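Enquirer: model this:
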Amino acid sequence: MGCALPPRPSNAEAPYWSGRIALQVEGDTPQSFAALFELEGEESQGQLTLLSPLGTTLGQLRWDAGTATLQTGQQIQRSDSLDALVVQLTGAALPVKAIFHWLKGSQAEAAGWTSDLSAAHQGRITAQRVLPEPKATLRISLSH
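Expert: Numbers count the residues shown, from 1 in each chain. Next comes the predicted model:
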């Protein structure tokens, strides 16, 4: 794993976003997670790469209908649940399907989450999870 960003997949027509993602989870043992990200595709088929501030790949998720793959270092895991692999990568559940809508500037329902898209035109999105406990705050800043 070098410091260079992984090459972008060749499907140049697929929607693509990059920037910074941060997640704070309250509770008895508060958690926080922050990384650079590259997200490509749609909710039904896509790829999410999380990178350290130095550009080292922390993990890469790929999914399509019914299957998901998580690669961290040399380890590869497969699952029929994208959500389960997201938890494994970030330490918390994220509303991946809703995030695609939010990045496009449109509201989308995600169980327990509310989104604030008032700064989406500036490349900033905030979402909060109230239920189920513990509360969580997700912040996304695009790097356009």
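
Enquirer: residue ranges with poor pLDDT in the protein?
Expert: Within the chain, the stretches falling below the threshold (pLDDT under 70) are 1-12, 144.

Enquirer: strands of that one, start to end?
Expert: Counting by DSSP state E, the segments of the chain that form strands are 16-25, 31-41, 46-51, 57-64, 67-72, 75-79, 113-116, 124-129, 136-142.

Enquirer: which of the ones you listed is buried the deepest?
Expert: When the strands of the chain are scored by mean count of other CB atoms under 10 Å, the highest mean neighbour count falls to strand 46-51 (a mean of 22). Placement of C-beta: from N, CA and C, glycine included.

Enquirer: who does that one touch, helix- and strand-wise?
Expert: When contacts are defined as 3 or more CB pairs under 8 Å, 6 or more residues apart in numbering; DSSP states H and E, strand 46-51 packs onto strand 31-41, strand 57-64.

Enquirer: mind checking which of those is nearest Leu131?
Expert: Taking CB to CB as the criterion, Leu131 comes closest to strand 31-41 out of the helices and strands packed on strand 46-51, the separation being 17.3 Å.

Enquirer: show me what that closest one is packed against.
Expert: Judged by 3+ CB pairs under 8 Å, 6+ apart, strand 31-41 is in contact with strand 16-25, strand 46-51, helix 96-103.

Enquirer: do that again at 6 Å, thanks
Expert: When contacts are defined as 3 or more CB pairs under 6 Å, 6 or more residues apart in numbering; DSSP states H and E, strand 31-41 sits against strand 16-25, strand 46-51.

Enquirer: ok, and what's touching that strand?
Expert: Contact with strand 31-41 is made by 14, 16-18, 20-25, 46-51, 58, 90-91, as judged by CB atoms under 6 Å, 6 or more residues apart in numbering.

Enquirer: tell me the angle that strand makes with helix 96-103.
Expert: 70 degrees (axes from the mean of the first three to the mean of the last three CA atoms, to 10 degrees).

Enquirer: just send the helices and strands packed on strand 46-51 back as JSON lines, with distance to Thr72 too.
Expert: Compiled in JSON lines, the helices and strands packed on strand 46-51 are given as follows (distance: least, CB to CB, whole Å):
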{"stretch": "strand 31-41", "distance to Thr72": "12"}
{"stretch": "strand 57-64", "distance to Thr72": "4"}
